[in-house]
Each structure stands twice: as structure tokens, then as C-alpha cells.
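Asks: Could you work out the structure for the sequence below:
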Amino acid sequence: MNLYAESSAVLAWLFGEPSATAVEPVLAKAEMVLTSDLTLVECDRALVRAEVLGDLSRIEADRRRAVLEEAASQWTFLRLDEDIVERARRRFPGEPLRSLDALHLASLLTARFAVPSLAVLSLDGRVRGSAQELGLRVLPD
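Replies: Okay, here's the model as predicted:
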């Protein structure tokens, strides 16, 4: 299975949230994981925020960052190029959407052209709804 991993799912996995139990097996089964550069930015910012707010120690934040880097070294990243930005500026099914959600949706649409059998891994209700309306398989089920 080829998978577009959206930030909400990656963050749940990275932070060991209860919903990560549904995310981990999907990531593990994926033959190819694609995501946006945006996912790394969102994950790193969440780690910085958790450390600054005292929710994670520096050692724990660094450990999780290393886990992310190890996993991400096996992933394919989509750059936020002109085409993705231009598509994100237009409407999607399920509006209203936040800006970062629109960038993820535009990225996964770009990825879908290169990888037609692409499924979407997301825990975000808006992204999931829009992706389903766009005809994409959304995981976890």
C-alpha cells in the first residue's frame, strides 16, 4: 500500500497518543510513505513547543526527534512548490479548511497523480472528509 501521511497522524504516532495504536500498523504496512515538507515542520514545531512549555524534557524531545528522523529517512517528501501552493489557494470539498490542511490536500493530490493507488493516513476530520470527497481511500478505517 502507498500512503500519504498527513501531520495529524504522524504527530499522534510521534507523541504516543492513544490514537497512535491505529496509526502505527498502517505506517508499518506501507510500501511507500509520501508526505509534505510541511509534516516535518509541524512535527518539529510541536516538539519545540512541548519542550518550551515543559511537557517534554530536552532529552525526550531529542529522542523523539531522532525517531522522526529515522522514520522520515525512509519517506518520500513533496516540496511545497508553486503548483501545490496554487492548488491550495483554491476551494476543496469540505470547506472551510485551514491553510495547512489545504496545503496537505494539495500535496496529496499532486502525489496521487504520480502514485494512483495512494491512500491517505490522517486523524484530522476536515482532511479526512475532504480526501474522501476527492475519491481517496482514508485510513485508519
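
Asks: CA only for contacts and neighbour counts going forward, please
Replies: OK.

Asks: For V41, grab the count of nearby residues.
Replies: Number of residues near V41 (other C-alpha atoms under 10 Å) recorded here: 12.

Asks: and it, how far is that from P25?
Replies: According to C-alpha to C-alpha, to the nearest Å, V41 and P25 sit 23 Å apart.

Asks: Tell me which residues are up against stretch 66-82.
Replies: Applying C-alpha atoms under 8 Å, 6 or more residues apart in numbering, the set of residues contacting stretch 66-82 from outside is 14, 32-38, 103, 107, 111.

Asks: export that stretch as PDB, just CAs?
Replies: The C-alpha trace of stretch 66-82 is given here as PDB (Å, rounded to 0.1, in the frame of the first residue of the first chain):
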ATOM      1  CA  ALA A  66      15.700  11.200  16.300                       C
ATOM      2  CA  VAL A  67      12.800   8.700  16.000                       C
ATOM      3  CA  LEU A  68      11.100  11.000  13.500                       C
ATOM      4  CA  GLU A  69      14.300  11.500  11.500                       C
ATOM      5  CA  GLU A  70      14.900   7.700  11.300                       C
ATOM      6  CA  ALA A  71      11.400   7.100  10.000                       C
ATOM      7  CA  ALA A  72      11.500  10.100   7.700                       C
ATOM      8  CA  SER A  73      14.700   8.900   6.100                       C
ATOM      9  CA  GLN A  74      12.600   6.200   4.500                       C
ATOM     10  CA  TRP A  75       9.800   8.500   3.300                       C
ATOM     11  CA  THR A  76       9.400  10.500   0.100                       C
ATOM     12  CA  PHE A  77       8.900  14.200   0.600                       C
ATOM     13  CA  LEU A  78       6.800  16.500  -1.600                       C
ATOM     14  CA  ARG A  79       8.200  20.100  -1.700                       C
ATOM     15  CA  LEU A  80       5.800  23.000  -1.300                       C
ATOM     16  CA  ASP A  81       6.300  24.100  -4.900                       C
ATOM     17  CA  GLU A  82       4.400  26.600  -7.000                       C
END
